[in-house]
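Q: missing the sequence, but the structure's below:
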């Protein structure tokens, strides 16, 4: 059963390669909102996103025989490279299932760390079938990252780290996709500091958790359309969703244009590079959609953005 | 007389607005060089560069009557905005002397913090004459940033901060313009840890300190041509030069193209925004021109880069 102790165990196990990422004060965002705003920079995490935490937790918690046979998950982005990196670190063979149309850049990034890339065709659903096939044929442990408790526990280490630096935190803003990240972070923070408030931020075009909270149950949205390629989920994970229902104080939606401006603002005014999905909380603050109170942390969750896209946002933002 | 105690006093006086900036490990630079390389991120310093340290030290060390009448310096860039910011913080009237052709963006940045901007015409030499006039006419204290011991002491606080985080540091790389920064940092580091080695990095087109060290005395180079607009100096300051002669282990030169590639690499691979002058040490590492040993720190000294220029470097680098 997932609880604060699971997150604390995950935290205790993290290797030195997982960075205790900086928390930097933002005078501009503080002046704009009236709160005291800091940014938690998981774009400076190893492999460029917070996924390094959960990738390690998944692999480290495998049984010895599972470690010997290897593990696989499906991702075209941040989870893939984090999983590849941690497989190499722990000397566990890892495979990443990717769709045929995955950008060669992202394929290469995972391959560079030593992961086997298994292409699964061009349909989203084929990813899960391919994971099942790898399990059946080769005894590889397939990880469903939407539902894994280890994933939520790994992500939750980020919440403990925020509390280490800011035990007095009042407001926390977290990007949301299928919900695993905010579930872990919120559980850590609310169990330790019940008075803190945690808000999720989603792109308008990928709002499965927001819609599910309105309906009181996980729903599948008909389509996903956003530039935030790290925040693409048609439905929440059911494990994270129950935690989100219990703990999260509200959801905020931002548009793709607002996100582009946030990426530009972060580069020009704050001197850091965020990917679109990593900048949604800053977008919520810059637009005034988020109304933080007191000591506030906004998560910048990742920085893996295509150079040409980054240049475009900076020039046109 | 400037010594380690001056730097320690400057450090003790720094206000909380001066950020203890993050030091982040770079797996890529470590793999490339065989050393253990970390980057000290003064681009995340308040006002976007390390100048915040010396700007505060200058103003804080003024006598009460000087504080009342105000202070001025000449700069078109990072020192100007840092000085403006610290003047506002300390409630000391500050003026910045700028040439007529200074970019409106940079003028606006200093003005935003409340500095008076005094334009001095279009010739470099007119800057000093205008500072003198302000002193004579209005009793404002004019600060010669090339020669001020307070400047060197303020910059030196960065060296102490590096030692706080990495007392075992073996190699330090520092960008060099007229020499004040490396003088302060080197004095702090060598006095505390004599075995450490400190190297300066200059653009090929702005190599006054390098040439002066060869000649054994400060020389004036005929012209300066570099994209590193924070590293423009035709001659070293004589106060810093004596310190550099005594302590610095060597100089490294990098080309503008190498610097552009370093800016791109920092954005894409490390997720941080550096200005050209802030990226010279990383350029020295990426090219193999620097040969660091052991525990190594490379300073990223600032991030104030024009958005269009940044976009160009990222796209074309």
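A: Perfect, thanks for sending it. Fair warning: this is a prediction, and the values are worked out from it, not measured in the lab. Numbering: from 1, shown residues only, chains lettered A, B, ... in the order given.
Q: pLDDT wise, what is residue A:317 at?
A: For residue A:317, the model assigns a pLDDT of 63.
Q: who's in contact with the nearest residue to residue A:207 once chain neighbours are set aside?
A: Closest residue to residue A:207 apart from its sequence neighbours, by CB to CB, 6 or more residues apart in numbering or on different chains: residue A:253 at 5.9 Å. Bear in mind the C-beta positions are built from the backbone N, C-alpha and C, glycine included. By CB atoms under 8 Å, 6 or more residues apart in numbering or on different chains, residue A:253 lies in contact with A:201-204, A:207, A:210, A:289.
Q: for residue A:253, which residues make a bridge with it?
A: residue A:202 (DSSP bridges).
Q: would you mind measuring from it to residue B:141?
A: 53 Å (CB to CB, to the nearest Å).
Q: name the SS class of the single nearest residue of the stretch 51-200 of chain A relative to chain B, please.
A: Residue nearest to chain B within the stretch 51-200 of chain A: residue A:85 (9.4 Å; CB to the nearest CB). With DSSP: H, G, I helix; E, B strand; the rest coil as the basis, the three-state label of residue A:85 is helix.
Q: what residues are up against it?
A: Per CB under 8 Å, 6+ apart, neighbours of residue A:85: A:17, A:46-47, A:52, A:55, A:113.
Q: can you redo the residues you listed as CSV with pLDDT, distance to residue A:170 and neighbour count?
A: Formatted as CSV, the contacts of residue A:85 follow (pLDDT from 0 to 100; distance: CB to CB, whole Å; neighbours: other CB atoms under 10 Å in any protein chain shown):
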residue, pLDDT, distance to residue A:170, neighbour count
A:17, 96, 31, 15
A:46, 96, 29, 24
A:47, 95, 30, 25
A:52, 98, 27, 28
A:55, 98, 30, 35
A:113, 90, 38, 19
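Q: what about chain B: which of the residues you listed touch it?
A: Restricting the contacts of residue A:85 to those near chain B by CB under 8 Å from any CB of the partner chain leaves A:17, A:46.
Q: which of the contacts of residue A:85 fall in strands?
A: Of the positions in the contacts of residue A:85, not one sits in strands, assigned by DSSP state E.
Q: and residue A:54, how far from residue A:75?
A: From residue A:54 to residue A:75 the distance is 11 Å (CB to CB).
Q: wait, is residue A:24 part of a strand?
A: Yes - the assignment for residue A:24 (three-state DSSP) places it in a strand.
Q: how near is it to residue A:266?
A: From residue A:24 to residue A:266 the distance is 11 Å (CB to CB).
Q: so those two - more neighbours on which side?
A: residue A:266 (29 against 21; other CB atoms under 10 Å in any protein chain shown).
Q: these two touch, right, that one and residue A:272?
A: Yes - at 5.3 Å, residue A:266 and residue A:272 qualify as touching, with contact defined as CB atoms under 8 Å.
Q: between these two, which contacts overlap?
A: By CB under 8 Å, 6+ apart, the residues touching both residue A:266 and residue A:272 are residue A:300.
Q: can you tell me the closest non-neighbouring residue to the residue nearest to the spatial centre of chain A?
A: Nearest to the mean C-alpha position of chain A, by CA atoms, centre = their mean, lies residue A:181 at 5.3 Å. Nearest residue to residue A:181, sequence neighbours excluded (CB to CB, 6+ apart): residue A:155, at 4.6 Å.
Q: what do you get for residue A:60?
A: Distances taken as CB to CB, 6+ apart put residue A:13 closest to residue A:60, at 5.5 Å, once the chain neighbours are dropped.
Q: count the neighbours of residue A:268 for me.
A: 18.
Q: residues contacting it?
A: A:314, B:273, B:307, B:310.
Q: would you list every one of the strands in the stretch 151-300 of chain A?
A: Along the stretch 151-300 of chain A, counting by DSSP state E, counting those that start in this stretch, strands occupy A:171-175, A:197-203, A:250-254, A:295-300.
Q: need these in a markdown table with mean pLDDT, can you?
A: Output for those, formatted as a markdown table (pLDDT from 0 to 100):
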| stretch | mean pLDDT |
| --- | --- |
| strand A:171-175 | 98 |
| strand A:197-203 | 98 |
| strand A:250-254 | 98 |
| strand A:295-300 | 98 |
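Q: what would these look like in CSV with distance to residue A:235?
A: Output for the strands of the stretch 151-300 of chain A, formatted as CSV (distance: least, CB to CB, whole Å):
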stretch, distance to residue A:235
strand A:171-175, 17
strand A:197-203, 13
strand A:250-254, 15
strand A:295-300, 22
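Q: which residues touch the residue nearest to residue A:249 when sequence neighbours are not counted?
A: Take residue A:249 and drop its neighbours on the chain: the residue closest to it by CB to CB, 6+ apart is residue A:197, 4.4 Å away. Residue A:197 makes contact with A:170-172, A:249-250, A:293 under the criterion CB under 8 Å, 6+ apart.
Q: change it to 7 Å
A: With contact set as CB atoms under 7 Å, 6 or more residues apart in numbering or on different chains, residue A:197 has these partners: A:170-171, A:249.
Q: repeat for residue A:236
A: Shown here is residue A:236, whose contacts under the criterion CB under 7 Å, 6+ apart are A:178-179, A:208-209, A:212, A:218.
Q: that one and residue A:196, how far apart?
A: Distance from residue A:236 to residue A:196, by CB to CB: 22 Å.
Q: over to residue A:296?
A: For residue A:296, the distance to residue A:196 - CB to CB - is 10 Å.
Q: now do the shared contacts for these two.
A: Here residue A:296 and residue A:196 share the contacting residues residue A:170, scored by CB under 7 Å, 6+ apart.
Q: domain-wise, how is chain A divided?
A: Here the domain assignment for chain A is A:4-49+A:148-316, A:52-142, based on automatic domain parsing.
Q: in the stretch 151-300 of chain A, what residue is nearest chain B?
A: Closest point on the stretch 151-300 of chain A to chain B, by CB to the nearest CB, is residue A:271, at 3.3 Å.
Q: tally up the residues packed near residue A:222, please.
A: Counted with other CB under 10 Å, residue A:222 comes out at 6.
Q: I'd like the distance between it and residue A:212.
A: The gap separating residue A:222 from residue A:212 is 14 Å, by CB to CB.
Q: what residues does the stretch 201-317 of chain A put near chain B?
A: A:267-268, A:271-273, A:303, A:307-308, A:310-311, A:314-315 (CB under 7 Å from any CB of the partner chain).
Q: closest one of these to residue B:98?
A: Distance to residue B:98 across those (CB to CB) is lowest for residue A:268, with 21.1 Å.
Q: all helices of chain A, in order?
A: A:4-13, A:27-33, A:51-60, A:64-69, A:78-90, A:104-112, A:126-138, A:149-165, A:180-192, A:208-215, A:238-247, A:256-269, A:280-286, A:307-316 (DSSP state H).
Q: where among those helices is the average confidence lowest?
A: Here the lowest mean pLDDT among those goes to helix A:104-112, at a mean of 86.
Q: residues making contact with it?
A: With CB under 7 Å, 6+ apart as the test, helix A:104-112 has contacts from A:76-77, A:80-81, A:84, A:96, A:98, A:117, A:306.
Q: ok, of the residues you listed, which come out buried?
A: Buried residues within the contacts of helix A:104-112, defined by neighbour count using 16 or more other CB atoms under 10 Å in any protein chain shown: A:76-77, A:80-81, A:84, A:96, A:98, A:117.
Q: with distance to residue A:227 added, can I get these in a markdown table?
A: Compiled in a markdown table, the buried ones among the contacts of helix A:104-112 are given as follows (distance: CB to CB, whole Å):
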| residue | distance to residue A:227 |
| --- | --- |
| A:76 | 15 |
| A:77 | 13 |
| A:80 | 19 |
| A:81 | 20 |
| A:84 | 24 |
| A:96 | 23 |
| A:98 | 20 |
| A:117 | 24 |
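Q: just the closest of these to residue A:151, please.
A: Distance to residue A:151, by CB to CB, is smallest for residue A:80 among the buried ones among the contacts of helix A:104-112, at 13.9 Å.
Q: how far away is that closest one from residue A:142?
A: Taking CB to CB, one finds residue A:80 at 14 Å from residue A:142.
Q: before we move on, back to that, which one of the contacts of residue A:268 is nearest residue A:128?
A: Distances from residue A:128 to the contacts of residue A:268, taken by CB to CB, are shortest for residue A:314, at 37.0 Å.
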